[in-house]
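>>> predicted model and sequence follow; I will ask about them next.
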Amino acid sequence: MTTPSWDPGQYLRHAGHRARPFTDLLAQIPDPRGERPRIADLGCGPGNVTVLLTRRWPAAHVTGYDNSPAMLDAAHTGHEGPTAGGGRLDFAHADVRTWTPEEPYDLIVSNATLHWVPGHAERFADWIAGLRPGGTFAFQVPDNIDAPLHALMRELAGSPRWESRLAGVLRHTDSVHTPGVYLDRLARLGCAADVWQTTYFHVLTGADPVLDWVKGTGLRPVLTALADDPEARDAFLAEYRDLLRQAYPAAPYGTVLPFRRLFAVAVKEA
């Protein structure tokens, strides 16, 4: 899989829809025990959902971690600083594949990131070990690698015209485990685990809105791989756009994008 370059502006074009799963995850996370909890957000992106943690726990010290300079620049500029409750929100560079807590945390959370991290379930033990007793590890990931927007992308990338340029670029179909695998892994690590799935039916508007959506996330590896050849990039986008138009037809009120996500909240034994 190609390490994608990220575009905060493109990602934030659908910020409302993208933030909703995090608010749903946040609603299931128990309050930390301390008055000034320490919180980590792994894969914070531009920080627009990380700031929601400070609204829920305004006295907390929250650090968002990401490995994209562009995303971190947006986060630093838009959200960093003291919070209304005497806490603090800051951001730092880190690679989720290798990040290990260097201090005790009350909450480690990750929003729409772990599906980009091969072997992410193997990191759970280190992260949970970094929690204080009674602390929480929580995450949500897209769970729709079999949906048309991904299946059509893989089919097109594997076609004779594109195979030599895009071989190995896209995420594997096993980049997210089944809910049962996550439940078993977290429970065996000594946590009380709650795992569930939700399918959102996003109503998108504008011209080719599904293409616009995926240009901010799942299509990033392709855009990165073809970045030095704008003509090829535009040709791929045109072919992919036509496939998406058939798979997600527009209705008078907009274009419906069904989008399944997987959630997990694991509370460490006190």
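Thanks, I have the structure now. Numbers count the residues shown, from 1 in each chain.

>>> tell me the contacts of residue 115?
Shown in contact with residue 115 (Cβ atoms under 8 Å, 6 or more residues apart in numbering): 141, 142, 145, 171, 175, 176. No exception for glycine: its C-beta is placed from N, CA and C like everyone else's.

>>> I'd guessed the fourth one sits against residue 117; true?
No. The criterion here is Cβ atoms under 8 Å, and residue 171 misses it with residue 117 at 10.3 Å.

>>> rewinding a little: looking at the contacts of residue 115, spot the one nearest residue 207.
Nearest to residue 207 among the contacts of residue 115 is residue 142, at 23.3 Å by Cβ to Cβ.

>>> which of the three states applies to the nearest residue to residue 204 once chain neighbours are set aside?
Once flanking residues are discounted, residue 204 sits nearest to residue 255: 4.9 Å by Cβ to Cβ, 6 or more residues apart in numbering. Using DSSP: H, G, I helix; E, B strand; the rest coil, the structure places residue 255 in strand.

>>> residue 137: what secondary structure?
strand.

>>> tell me if I'm right that it and residue 130 touch.
No. Using Cβ under 8 Å, residue 137 is not in contact with residue 130; the gap is 9.0 Å.

>>> higher neighbour count, these two?
residue 137 (26 against 19; other Cβ atoms under 10 Å).

>>> ranges for the strands of the protein?
38-42, 61-66, 81-82, 88-93, 105-111, 131-142, 191-204, 250-251, 254-268 (DSSP state E).

>>> got JSON lines for those strands, with mean pLDDT and distance to residue 242 too?
Shown next, in JSON lines, are those (pLDDT from 0 to 100; distance: least, Cβ to Cβ, whole Å):
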{"stretch": "strand 38-42", "mean pLDDT": "98", "distance to residue 242": "36"}
{"stretch": "strand 61-66", "mean pLDDT": "98", "distance to residue 242": "33"}
{"stretch": "strand 81-82", "mean pLDDT": "97", "distance to residue 242": "45"}
{"stretch": "strand 88-93", "mean pLDDT": "98", "distance to residue 242": "39"}
{"stretch": "strand 105-111", "mean pLDDT": "98", "distance to residue 242": "32"}
{"stretch": "strand 131-142", "mean pLDDT": "98", "distance to residue 242": "23"}
{"stretch": "strand 191-204", "mean pLDDT": "98", "distance to residue 242": "17"}
{"stretch": "strand 250-251", "mean pLDDT": "97", "distance to residue 242": "13"}
{"stretch": "strand 254-268", "mean pLDDT": "98", "distance to residue 242": "14"}
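
>>> export these as TSV, with columns for distance to residue 53.
Shown next, in TSV, are those (distance: least, Cβ to Cβ, whole Å):
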stretch	distance to residue 53
strand 38-42	6
strand 61-66	5
strand 81-82	14
strand 88-93	8
strand 105-111	7
strand 131-142	11
strand 191-204	19
strand 250-251	36
strand 254-268	14
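
>>> residue 210 is nearest to which of the ones you listed?
Using Cβ to Cβ, the strands of the chain put strand 254-268 closest to residue 210, at 5.5 Å.

>>> the closest one vs strand 191-204, what angle?
170 degrees (axes from the mean of the first three to the mean of the last three Cα atoms, to 10 degrees).
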